[in-house]
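**Student:** When you get a sec, could you give me coordinates for this:
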Amino acid sequence: MTAFAIPAWVLALAAIVLVAVAWFVYRRVFGKGTPLERALSDISFERIEELVIPSADEGEIQVDQLLLTSQGLLILEIKDVEGTVFGSDKMSDWTVISEDRRFTFSNPQPALYDRIAAVRQIVRQVPVEGRVLFLDGADFTKGVPSLVCSLEDLVAQFGEPDKNAAKFKIEAFRPHWELIRQAATQRNA
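**Tutor:** Okay, here's the model as predicted:
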């Protein structure tokens with residue numbers, strides 16, 4: 001009885017495939033930082049943090065995160081809370097209940113609408129969206145209010161699978177992005 005011998009080239013090919021799969025998994029899990037950083041990297045081509053622009057009425061308004069995406073400009077307000085969130089479009093205060101505490105915070109939507117209006121005033125011909133991004137620890141058991149999303153929702157809504165096609169869109173938005181840069185003062189600048 002003779003044993004079946006696997007050719008050396010098959011073993012080498014299997015080893016190469018195994019190393020490639022391991023490298024891909026490693027890069028996907030550990031390669032780009034936190035899940036938030038990976039999501040922002042997936043959807044944005046440029047990003048400005050902590051900028052101040054003229055308000056739509058008078059004064060100035062702060063924007064924590066402004067992203068240049070293939071769909072236009074995206075304003076993000078990031079909430080890192082853990083627990084069940086009770087909030088709706090019409091509530092002035094939202095509540096978070098976790099295992100060890102309960103707290104309230106102001107409905108973030110009105111301020112986000114003001115930020116969207118301020119950016120639109122500067123870049124009139126470009127789509128401007130806004131989202132309140134709740135990270136993984138938040139759970140909306142009674143429904144998700146308008147303009148609120150999770151990381152997965154954010155990537156699904158603003159991700160661009162065809163990066164080459166996205167480059168053409170980005171170039172069309174670039175002059176408007178530069179208008180924002182000119183109008184903005186960065187807090188740490």
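
**Student:** Could you list the low-pLDDT ranges of the chain?
**Tutor:** Low-confidence segments of the chain, defined by pLDDT under 70: 1-3, 23-32, 186-189.

**Student:** can you pull out the strands in it?
**Tutor:** Per DSSP state E, the chain carries strands over the ranges 46-54, 60-69, 72-79, 83-86, 93-97, 102-106, 128-134, 138-139, 148-149, 185-186.

**Student:** closest one to Leu112 among those strands?
**Tutor:** strand 128-134 (4.5 Å; C-beta to C-beta). Heads up, the C-betas are built off the backbone N, CA and C, glycines and all.

**Student:** Spatially central residue for the chain, please.
**Tutor:** Leu40 (4.3 Å; C-alpha atoms, centre = their mean).

**Student:** For that one, give me its contacts.
**Tutor:** Leu40 is in contact with Arg47, Gln65, Leu67, counting by C-beta atoms under 8 Å, 6 or more residues apart in numbering.

**Student:** Could you do Ala184 as well?
**Tutor:** So Ala184 contacts Ile48, Leu51, Val52, Ile53, Val63 (C-beta under 8 Å, 6+ apart).

**Student:** and the strands of the chain as TSV, adding distance to Val10?
**Tutor:** Listed next are these as TSV, based on distance: least, C-beta to C-beta, whole Å:
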stretch	distance to Val10
strand 46-54	46
strand 60-69	45
strand 72-79	48
strand 83-86	53
strand 93-97	56
strand 102-106	60
strand 128-134	47
strand 138-139	49
strand 148-149	47
strand 185-186	57
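
**Student:** Take the ones you listed and lay them out in CSV including mean neighbour count.
**Tutor:** Shown next, in CSV, are the strands of the chain (neighbours: other C-beta atoms under 10 Å):
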stretch, mean neighbour count
strand 46-54, 17
strand 60-69, 19
strand 72-79, 21
strand 83-86, 18
strand 93-97, 16
strand 102-106, 12
strand 128-134, 22
strand 138-139, 18
strand 148-149, 20
strand 185-186, 11
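
**Student:** How many neighbouring residues does Ser70 have?
**Tutor:** By the measure other C-beta atoms under 10 Å, the count of residues near Ser70 is 21.

**Student:** wait, it sits on Phe45?
**Tutor:** Yes. Applying C-beta atoms under 8 Å, one finds Ser70 in contact with Phe45, separated by 7.3 Å.
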